[in-house]
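Novice: here is my input, please return the structure:
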Amino acid sequence: MKVLARILVIFWKDILTELRTKEIVTLVLVFALLVVVIFNFAFGTRTGIEELVAPGILWVALTFGGVLGFNRVFVVEKENSCLEGLMLCPVDRSVIYWGKLVGSFTFMLAVAVVITPIFLVLFNLPLFLPRLALIIVLAALGFAAVGTLFSAIAINTRARDMMLPILFLPVVVPVIVAAVKATAPVLAGRPWGDVLTWLQIIIVFDVIYLVVATMVFEFVLEE
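Specialist: The predicted structure follows:
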């Protein structure tokens, strides 16, 4: 319970900081909305478009929006010289990772909650898609697990804005591909059987990312 309380303290600190500045959510929302609207004008709402390009459009918006958000995870700590303070806290380094992870995951879900209904409306798709919500939650967890770790790595480099996408995108490709493949049958109204295999792949990679990132985060932070 003490560990959970400490994780929530770090998470709540990030939430309060974001509520004051609104930097991450505003930046990511504007970018993701712009991507969805541009693709909507490019492809229109022709018959069959939801299965051909709509899944890719949604995940392009969420993925690159996530990259922009992850760039800011440790920037505030670095700019205000708070990272050293976090490291001096009498807690395990994994607690810091999980606190930041929960914050990143929450921000991604907040963006998805706004972007997804707009996407569904623009492409004339049903608004009530519980299976799509499940896919987004699982994929966002994998994104946050990797993004939080690589954000800590990139923060100590001069070209951190370029370094994070270079590190993040190749590693998270399996989750992106599985999310796109799982989204296509959901938007096309196909049965659970067409979705289940891809969901299992996302879950497996989520577990791998979380375990590995928790184990190596201490060494990343020390560097």
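Novice: go through the helix or strand hosting residue 18 and flag the buried ones.
Specialist: Following DSSP states H and E, one finds residue 18 within helix 2-21. Buried residues in helix 2-21, counted by 16 or more other C-beta atoms under 10 Å: 6, 7, 10, 11, 13, 14, 17, 18. C-beta here means a position set from N, CA and C on the backbone, and glycine is covered the same way.
Novice: and the helix or strand where residue 170 lies, what other elements does it pack with?
Specialist: For residue 170, the element it lies in under DSSP H and E is helix 160-188. Contacts defined by 3 or more C-beta pairs under 8 Å, 6 or more residues apart in numbering; DSSP states H and E place helix 160-188 against helix 49-52, helix 54-70, helix 130-154, helix 193-222.
Novice: need the ones you listed in TSV with mean pLDDT, can you?
Specialist: As requested, those are exported to TSV (pLDDT from 0 to 100):
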stretch	mean pLDDT
helix 49-52	64
helix 54-70	84
helix 130-154	90
helix 193-222	88
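Novice: got TSV for the ones you listed, with mean neighbour count too?
Specialist: Putting those into TSV (neighbours: other C-beta atoms under 10 Å) gives the following:
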stretch	mean neighbour count
helix 49-52	16
helix 54-70	23
helix 130-154	23
helix 193-222	16
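Novice: those: which one's closest to residue 43?
Specialist: helix 49-52 (5.7 Å; C-beta to C-beta).
Novice: contact partners for residue 109?
Specialist: When contacts are counted by C-beta atoms under 8 Å, 6 or more residues apart in numbering, residue 109 touches 136, 137, 140.
Novice: ugh, typo on my part, it should be residue 32
Specialist: Contacts of residue 32 (C-beta under 8 Å, 6+ apart): 61, 62, 64, 65, 111, 115.
Novice: again, but for residue 114
Specialist: 29, 33 are the contacts of residue 114 under C-beta under 8 Å, 6+ apart.
Novice: helix/strand/coil for it?
Specialist: Assigned by DSSP: H, G, I helix; E, B strand; the rest coil, the conformation of residue 114 is helix.
Novice: repeat that for residue 124.
Specialist: Going by three-state DSSP: residue 124 is coil.
Novice: any idea how many residues pack against it?
Specialist: Neighbour count for residue 124, taken as other C-beta atoms under 10 Å: 10.
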